[in-house]
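Asker: Okay, predicted coordinates and the sequence, questions at the end:
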Number of protein chains: 2
Amino acid sequence: MSTVQTDQLEKINIPKSELPRIVIIGGGFAGLRFVKNIDSKKYQVVLLDRYNYHTFQPLLYQVATAGLEPDSIAGPLRKTFHHKKNFYFRMASAKNVNPVDKIIETNIGQLSYDHLVLACGSITNFFNNEEFEQRAFPLKQLPHALNLRSQILQNFEKAVLKNDENEVQRLMNYVIVGGGPTGVEVAGALGELKKQVLPKDFPELNLNKMQIYLIEGQDRLLGGMSQKSSEKAFGYLKKFDVNLYVGKIVESFDGETVVLNDGMRIPSETLIWAAGVNGNALTGMDTTLTRDNRYQVDEYSQVKGFDEVYAVGDVASMQSEELKRGHPMLAPVATQQAGLLAKNLNKGMEKTNWKAFKYVDKGTMATVGRNKAVTEIFGKLKYGGFLAWLTWMFVHLVLIVEFRNKLVIMSNWVWNYFTYDRGTRLIIRPFVKKKKKHVEQAEEMPV
Amino acid sequence: MSTVQTDQLEKINIPKSELPRIVIIGGGFAGLRFVKNIDSKKYQVVLLDRYNYHTFQPLLYQVATAGLEPDSIAGPLRKTFHHKKNFYFRMASAKNVNPVDKIIETNIGQLSYDHLVLACGSITNFFNNEEFEQRAFPLKQLPHALNLRSQILQNFEKAVLKNDENEVQRLMNYVIVGGGPTGVEVAGALGELKKQVLPKDFPELNLNKMQIYLIEGQDRLLGGMSQKSSEKAFGYLKKFDVNLYVGKIVESFDGETVVLNDGMRIPSETLIWAAGVNGNALTGMDTTLTRDNRYQVDEYSQVKGFDEVYAVGDVASMQSEELKRGHPMLAPVATQQAGLLAKNLNKGMEKTNWKAFKYVDKGTMATVGRNKAVTEIFGKLKYGGFLAWLTWMFVHLVLIVEFRNKLVIMSNWVWNYFTYDRGTRLIIRPFVKKKKKHVEQAEEMPV
C-alpha cells in the first residue's frame, strides 16, 4: 500500500510503518488543527515546518511595537503534540512536490508520502517590486516582527543624535501600506507608542513630530468588513493623528522617501508592508495554481487533478459560483478546512462518506488601540468601542494555543493597560540593512 | 568650569550645561546604581551603553536553557530613568579614553567629560586561545544566551535525523568549562532539560544518552564558597548525572571534540565557556591596568594616576593588603562601589568628606535546579536544599529591576515548577556557525 522508498527515507529518518503516511507541510493554524484532528491509529503523521514553533500571527504587530515578548506568541510544535502517538515532527523547509512519485523535497532531504496536506500559508506580496522586497518591512513571521521592533527603536536612538530637522523627521515618519486589519492595527499601535510611551523615553525629542501614514489603495479601510466598521476604524485612527490616505498607491521607496502615485513624497526610513499576501505554494504542481499562487481545490480540499494531495488554509483556493477567488485568507477558514479534512480522512478513502466544506463566518474584528476596536459577529452584530475591544482581547486569549502564553500575554496587557507603558522595547538583535531580501534565516541553518 | 568643546559635542548631541558633566560607561549593575544615586542637580549625567537595555546577568543561564524569555531579564535603560532630570542616554559603544583632553571616543563620535565613571564590566576570558574564542559559547549577554538556546535545540533537531550512533552522541554531549556559579547553574539547568523536558519533546531519542560534562581546573566547585557548599553542589549535580571533573583543564576544541589536559577526549559540538572573565577596560589608560585588564583604583574608586576618572564594579581592582587582586567580580561589589561613589561625588570634590569603600558581604549562592541550591549568608549561615532554593528565588526576584519583569519571571517559574516544563524552547534566530568571533552585533549598527 505504501510506496515508501528506503533510500529516500534515510535522510529525514522517519521509521517505516504499516499505516499510510500523511505528510503535512506547515504548522500554522491549518496544520495545527489538522494534526490535532487526524486519527494517528489510522495514519502515520509527519509534520514539517521550517520553524520549530507555531506563530500566533494575529498578535505579531504587538511584538513589532514592543507590546509583547516574541516568545509569548509562539508555541513549540513538539510540545503541542506531546501526547500524539505515531507523530513525527521535522524542522525542514519544503521546496518541491513530485506528485508522480509522491515525494516531497526539502532542505534536509526527500520524504515519500501516501497523502500530502499542503498547509503552507501565505507570504507577503510585494507585487514583484524588488525595491519593496528589499527595503520594506513585512510582518508575517517572528523575525520580521523583531526586525521592525529594532528598526523603530533604532530610529529614535538615531534621531536624538541629529540636529538636521529633515533627518529627524525622516526617522520619525512611519508609512504603512495596506488598510486591512494588520495595517490598521500597526497604525493604532504606533499611535499609542507616540502618545503614551515614547515621549517619556525621549524627552529630548518632540514626539508631536512623529507622523504615521496609512496608505490604502481601495476607497476605504477594512475592505473585508462593513462600511460602518470602516468608518469607525477611520475615526479611531484619526484620534491617534494617523494620516489616512485611501485610494492611493505607493509607487516607489528608495529607503529615504516614499512616493505615492499622485506624486506625494513622504520622507521616511521605514515602510511597513501590509498590502496583501499570496499563497505560499511549493514548486512542482504549477498547473493547479491560481494567479495569487494558491492551489485550486474542490470542496473536499483536494487539489484539482492530483489524487491524494490536499491543500487547506491560505494556500488553498476553493472557488465556487459565489466565491470566484476562493475564501478570504483568514485563520478561521484555515482551521475549519483543516478540521474537516482530517475528519473526512479519518472516515477512509470512500469519498461518498465525506462532507463538503462550508465556511461558517463567526465574525471579524480589528483593534485600533486601548478601548478601541471594531467587531462583527455572524455578519450581523456590529459594534465598536470598549466592548469590541474587550471582545477582541477575549477572543485572542482564548484562541492562543498555549496556556502558559495566555498567562504571560494577559500579564503584559494588564500591565500595559494600567501603566500606559510597553515593557519590551529592547534592541536585542539590531536590524542591519544589508541583506538583499528579508531572508528567512531558518533556511540558512546548516544541517 | 566645564571644558566642553563645541565641535566635539555636536556628534553625540548633548546640550551644554552650566553643571559639570559626568559620563558613565556601562548600564550594568554598577552603572545603574550610580545613575540612581548621583544628584543631577549638581551634575549633568550622561550614560552610554552599547545596548538600550540593562541585562540581569544572573539569570542569563535560564534564557540559554529555555526557562525564561529574553525580554523578561532585560530592562530598557531609558525607561528605568524616566524620572531622572538632567539625564541623557546614548546607545554607543565606548572605545577609547583620552584622559589628557578629557574626551571619550565611541562608535558614534566623541564626547567630552568633566568626570568619567568607568562601569564597563567584564568580558569572557578565553585566555588568548583563538579556537575557544571562535567555537565556544560565552554567556555574558542576551545574544549569547539566545545563540546557546538555538544551538541546544538545533542539536536535538539534527540528532533525530541521524542514524550514526557517534554523530548522535556528539550532538547530545554538552561540555561546560568552569565550576563557578555560572557553570554549576548551567549544568543543573541542562540536567533538568535532560530529565524533565526533552524526553517528552523527542520520544524518538534515548535521552539517557545525553551527557553533561562540567570541567573545573581547581580542585573543587564554587571556589568562592565554603568547602561544605562545594560538596553539597557536587552532590546535587551528581543526582542529575552530571559528569564532574575537577583539577582538569580543557586544552583544545575543534568544533567536534573537546580534549582535556589528561588526554581525555569528549565528542561534542557544544562547549560552553564559563571559565572566567577579565575586566572590559577601554584603551587609552593602559598603564593603570592589572593583568586581568581591570583599572587599579584607590579606596574612593578613583583610577590611580588619573584625576576625575573613576572605575567601579568588575572593571575596577581595589587592591589592599588583604585583597591582593581586588574584590571578586560580583554584582553586590559593583552596586556597593557605585552607590558609594555617587554619594561621595554628591558631597563635592573635597575628598576629606569622602567615605572609603568597605565591602559588606551579604552572602553568595548558587542554584542547581528545582529545590536544590546552596546559600551562604554573611559568611556564617550556610544551608542547602529547598530552603536555599527558596532564598535564591526570593533574592533574585527582589533584585531584578523591573516590576513587570518580576511578574513575568514569577509566572514562568510557577509554571515550570508545577509542570516540570520549560516554555520558551524556540529557535527564533537559528545559530549559524560562520562568524569568526561571537561579535557583539550592536557594534555593527549603522549610525
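Answerer: Great, that's in hand.
Asker: which stretches of the stretch 1-150 of chain A form strands?
Answerer: According to DSSP state E, counting those that start in this stretch, the stretch 1-150 of chain A carries its strands in the segments A:21-25, A:44-49, A:53-55, A:74-76, A:87-91, A:94-98, A:103-106, A:109-112, A:115-118, A:122-124.
Asker: what sits opposite the closest residue to A:L387 other than its chain neighbours in the beta ladder?
Answerer: Excluding its sequence neighbours, the residue lying closest to A:L387 (C-beta to C-beta, 6 or more residues apart in numbering or on different chains) is A:T375, at 7.9 Å. In short, each C-beta sits where N, CA and C put it, glycine included. Assessed by DSSP bridges, A:T375 has beta-bridge partners A:M365, A:Y383.
Asker: Next, work out how far apart A:T375 and A:S229 are.
Answerer: Shown here: A:T375 relative to A:S229, a distance of 8 Å by C-beta to C-beta, to the nearest Å.
Asker: And A:S411, by the same measure?
Answerer: From A:S411 to A:S229 the distance is 30 Å (C-beta to C-beta).
Asker: of these two, who's got more company?
Answerer: Neighbours per residue, other C-beta atoms under 10 Å in any protein chain shown: of A:S411 and A:S229, the larger number sits with A:S229, 24 against 17.
Asker: for chain A, what are the low-confidence residue spans?
Answerer: A:1-10, A:401-404, A:420-423, A:432-447 (pLDDT under 70).
Asker: In which helix or strand does the closest residue to A:P58 other than its chain neighbours reside?
Answerer: Leaving aside its sequence neighbours, A:P58 sits nearest to A:H396 (C-beta to C-beta, 6+ apart; 6.2 Å). In this assignment (DSSP states H and E), A:H396 forms part of helix A:385-399.
Asker: Now the helix or strand that that helix is followed by - C-alpha only, CSV.
Answerer: Scanning forward in sequence from helix A:385-399 by DSSP H and E, the next helix or strand is helix A:403-419. The C-alpha trace of helix A:403-419 is given here as CSV (Å, rounded to 0.1, in the frame of the first residue of the first chain):
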residue,chain,number,x,y,z
PHE,A,403,-1.9,28.2,28.4
ARG,A,404,1.4,29.5,29.6
ASN,A,405,1.4,32.1,26.9
LYS,A,406,-2.1,33.2,27.8
LEU,A,407,-0.8,34.0,31.3
VAL,A,408,2.2,35.9,30.0
ILE,A,409,0.2,37.8,27.5
MET,A,410,-2.5,38.7,30.0
SER,A,411,0.1,39.9,32.5
ASN,A,412,1.5,42.1,29.7
TRP,A,413,-1.8,43.5,28.7
VAL,A,414,-2.9,44.3,32.3
TRP,A,415,0.4,46.0,32.8
ASN,A,416,0.2,48.0,29.6
TYR,A,417,-3.4,49.0,30.3
PHE,A,418,-2.8,50.4,33.7
THR,A,419,0.6,51.9,33.2
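Asker: which helices and strands sit right next to helix A:403-419?
Answerer: helix A:385-399, helix B:403-419 (3 or more C-beta pairs under 8 Å, 6 or more residues apart in numbering or on different chains; DSSP states H and E).
Asker: can you redo those helices as TSV with distance to A:G284?
Answerer: Shown next, in TSV, are these (distance: least, C-beta to C-beta, whole Å):
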stretch	distance to A:G284
helix A:385-399	33
helix B:403-419	42
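Asker: okay, these, which one's buried deepest?
Answerer: Comparing those by mean neighbour count (mean count of other C-beta atoms under 10 Å in any protein chain shown), helix B:403-419 ranks first with a mean of 17.
Asker: what about that one, distance to the chain center?
Answerer: Distance of helix B:403-419 from the chain centroid (C-alpha atoms, centre = their mean, to the nearest Å) equals 21 Å.
Asker: Helix B:385-399 and that one, what's the angle between them?
Answerer: Counting by axes from the mean of the first three to the mean of the last three C-alpha atoms, to 10 degrees, helix B:403-419 lies at 160 degrees to helix B:385-399.
Asker: tell me the contacts of the nearest residue in space to A:Q141 that is not next to it in sequence?
Answerer: Using C-beta to C-beta, 6+ apart and skipping the chain neighbours, the partner closest in space to A:Q141 is A:T55 (6.3 Å). Counting by C-beta atoms under 8 Å, 6 or more residues apart in numbering or on different chains, A:T55 touches A:G28, A:I73, A:A74, A:Q141, A:L142.
Asker: now do 10 Å
Answerer: Counting by C-beta atoms under 10 Å, 6 or more residues apart in numbering or on different chains, A:T55 makes contact with A:27-29, A:49, A:63, A:70, A:73-75, A:121, A:140-142, A:144-145, B:426, B:428.
Asker: That one and B:L426, how far apart?
Answerer: 10 Å.
Asker: any idea where the strands of the stretch 151-300 of chain A begin and end?
Answerer: A:173-177, A:211-216, A:243-246, A:250-253, A:257-260, A:265-267, A:270-273, A:277-279, A:295-296.
Asker: Report how many residues lie close to the closest residue to A:V315 other than its chain neighbours.
Answerer: The shortest distance from A:V315 to any non-neighbouring residue, by C-beta to C-beta, 6+ apart, is to A:G279 (4.4 Å). Per other C-beta under 10 Å, the neighbour tally for A:G279 reads 25.
Asker: any idea how far A:L146 is from A:F431?
Answerer: 8 Å.
Asker: meant to ask about A:L390
Answerer: For A:L390, the distance to A:F431 - C-beta to C-beta - is 34 Å.
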